[in-house]
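Q: got a sequence here, can you build the structure:
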Amino acid sequence: MLSRIITASSGAVARATSLASPSSAAFRSMAVMAVRAYSAESDSQSAPSQGIVRNNEQRPQRQFNDERRQYDGERRPRQFDGERRPRQYNNNNNTNGEGRPRRQFTPRPDGASSPMTDLDKFRDRVANGNSINAWKLYLPLATMQPDSLTFMDHVKLMGLFRLSNLGPDFDRMRTIFSNLEKGQFDIPAPIYETMIGKAWRVSPELTEEYYAKLVAKHGQGEVSVMTYANRMNAYRSAKQFDKVLELAQEAERASINTHQLLPIVMDAYWHKGDEPKAKELFEAYVAREGQNLNLCKIHAWMGNNLIDQRRGDEARKLIAKLPERDIRLNSGAFGVLARAAILEGNLVEARQHTADALKSARRETYSHTVTVVVDAHLKAKDIQGLHEFLQVYTAKYEEVPNQRFRPYMQLIEWHAANDKDIGAIRAAFDMIPTRSKFNNPALLKCMMVAYIKCGHAEKARQLLEAAHKLGFNAQHPAVNMAWLKSVVEENGGDWEATAPQRFRREAARATVSDAAAAPVAQQVVQTEVTAKATPEPAEAAQPKVADAPAAAAPAPAAAAPVEPKAAEATPAAPRAPAVTEGAKA
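A: The predicted structure is shown next:
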């Protein structure tokens, strides 16, 4: 009603000023606008009584980049569990429905109701057999949250490294075992036996250390024939054959069935020079053994002993007895035939027998045979034939990913010492299909020394820089920028002209800590030189003891932080286990 009166008044004002001057006309228009504005405000105040809703609220632009996405000022928590909750609208009567997309989060395995923790990720990696990524998650968990790891968490991760003969994997097993002891878990006897079965490849002292822990925890009654076999193998690898025979007598006094120990005793008598006694034990074992695999291995063991004395014809006749007894040859037997062919100078036959050894094996049991064949090709300068063989060896990586890099290192060292062909050196490195080659200290060291000897120190620096980007430890005690600087200067290179400024600074910082790292690096170098002079027979060429082939089988000594051929990385003394990998390095 009020608006009608005001409207009529505005009309009267307009009629009254229609004949007025221009200034009066301007005043009239301003008055009409004011009256109309007041009329609109009055209508909005009287609208609720008439049931009319008019919302002229001016709201700011909605900001979708806000983490909480506040639409109405309310701080609502984000939805993490996928629950379908009712929408919250921007007014009170739920009439302004807004169609915004569902918030997307990282999918969770097995329908987990909450985001995965580091412990969940670790257990998922272990269940999938992803040992490397599981190990990366294990280290911080064992250091920062040791109580969150159960006994089975430790044991399952240890099981992923148990089948590997590489030194770094055994170092990880030692770290896990140390954490089990610190966690005061009740460690069963089989765990101790597993550690003894790996420690004998390192040194007799480390083997006896774990043996003493087994006896202290479970008593002498839990000592099995496998434990005696591993202890005897440790002393046999150290050339302490009198101690091997002493342990055999100790096992007999402890009422242990010594039949499974006969291959080790046979080898001890052979190396002591008592060939008749060794052959007597060989015949006794063959007469009683019923497993074809063990029979094949002891024939290969004896065949390798004959090859060492350059008695290739006798070794061939010995291996020929296996097919007559319907026994299929294994990688060790093929290795004996390959070595016999090398004695005769037949490299083609040696390559064929070694290829058969690769086909017959499902794990790395042929490293010694491969090393011998590669050495024979390099001495004969048959590089083309060696490349053909390495192609077969490289194809085996699809089935056995933890093969050793030693054959490629032999070729790289030969090129660096003879023709200094950078292209051939890089081609040998590129043959290795696995990315882990950039994390192997021995291989990186071999490549960089080859580059420097060929006068390409810049390429050595680039290789180490690429390795750092791919995860190699920049503070490795044997391979770092300070070591590279010393090698460049020893070979007459100019480090200041070779390395960028930031690498020169890194080398200067690393030099400060070289005093502590030098003994470790020197020990690695001395160990490599000593081990090259006394290579061990192949693990595959040795007989199997019970159900664990490594128990009575002589194998390469465990590689400490590297992956060369077996004998090259035998440390002079056992290293103390560390809780973390960083402390160990």
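Q: got the domain ranges for this structure?
A: 289-359+367-396, 397-513 (the TED database).
Q: any chance of those in TSV, with mean pLDDT and distance to residue 176 too?
A: In this view, the C-beta of every residue, glycine as well, is placed from N, C-alpha and C. Listed next are those as TSV, based on pLDDT from 0 to 100; distance: least, C-beta to C-beta, whole Å:
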stretch	mean pLDDT	distance to residue 176
domain 289-359+367-396	92	25
domain 397-513	82	18
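Q: and of those, who's closest to residue 177?
A: Residue 177 lies closest to domain 397-513 among those, at 20.6 Å (C-beta to C-beta).
Q: quick check, pLDDT for residue 529.
A: Predicted confidence (pLDDT) for residue 529: 38.
Q: picking that back up, among the domains of the chain, which is nearest residue 174?
A: domain 397-513 (17.6 Å).
Q: who's in contact with the nearest residue to residue 344 once chain neighbours are set aside?
A: Sequence neighbours aside, residue 312 is the residue nearest to residue 344 in space, at 6.6 Å (criterion: C-beta to C-beta, 6 or more residues apart in numbering). Residue 312 makes contact with 306, 339-340, 343-344, according to C-beta atoms under 8 Å, 6 or more residues apart in numbering.
Q: ok, residue 317 - how many residues close by?
A: 12 (other C-beta atoms under 10 Å).
Q: may I have the host helix or strand of it as CSV, with CA atoms only?
A: Using DSSP states H and E, the element containing residue 317 is helix 312-324. Extracted in CSV, the C-alpha atoms of helix 312-324 (Å, rounded to 0.1, in the frame of the first residue of the first chain):
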residue,chain,number,x,y,z
GLY,A,312,91.3,-84.4,-18.5
ASP,A,313,90.8,-87.9,-20.0
GLU,A,314,90.2,-89.5,-16.6
ALA,A,315,87.7,-86.7,-15.8
ARG,A,316,85.8,-87.3,-19.1
LYS,A,317,85.6,-91.1,-18.3
LEU,A,318,84.3,-90.4,-14.8
ILE,A,319,81.5,-88.1,-16.1
ALA,A,320,80.7,-90.6,-18.8
LYS,A,321,79.6,-93.1,-16.1
LEU,A,322,76.6,-90.9,-15.2
PRO,A,323,74.6,-91.4,-18.4
GLU,A,324,75.3,-95.2,-18.2
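Q: show me which positions of it end up buried.
A: 312, 315-316, 318-319, 322 (16 or more other C-beta atoms under 10 Å).
Q: ditto for stretch 465-479
A: 465, 467-468, 472-473, 476-479.
Q: now do stretch 142-162
A: Buried residues in stretch 142-162 (16+ other C-beta under 10 Å): 142, 149, 153-158, 160-161.
Q: neighbours of residue 419, how many?
A: Neighbour tally, residue 419, other C-beta under 10 Å: 12.
Q: spit out the contact partners of residue 389.
A: Counting by C-beta under 8 Å, 6+ apart, residue 389 has contacts 351, 354-355, 373-374, 377.
Q: nearest to residue 202 among these?
A: Using C-beta to C-beta, the contacts of residue 389 come closest to residue 202 at residue 374, 25.2 Å.
Q: distance of the closest one relative to residue 407?
A: 5 Å (C-beta to C-beta, to the nearest Å).
Q: circling back to that earlier point, and the contacts of residue 389, which of them are in helices?
A: 351, 354-355, 373-374, 377 (DSSP state H).
Q: which of these count as buried?
A: 351, 354-355, 373-374, 377.
Q: for those residues, which one is nearest residue 229?
A: Among those, and counting by C-beta to C-beta, the member closest to residue 229 is residue 354, at 28.2 Å.
Q: my guess is residue 351 contacts residue 385. True?
A: Yes. The pair residue 351 and residue 385 passes the contact test of C-beta atoms under 8 Å, sitting 6.6 Å apart.
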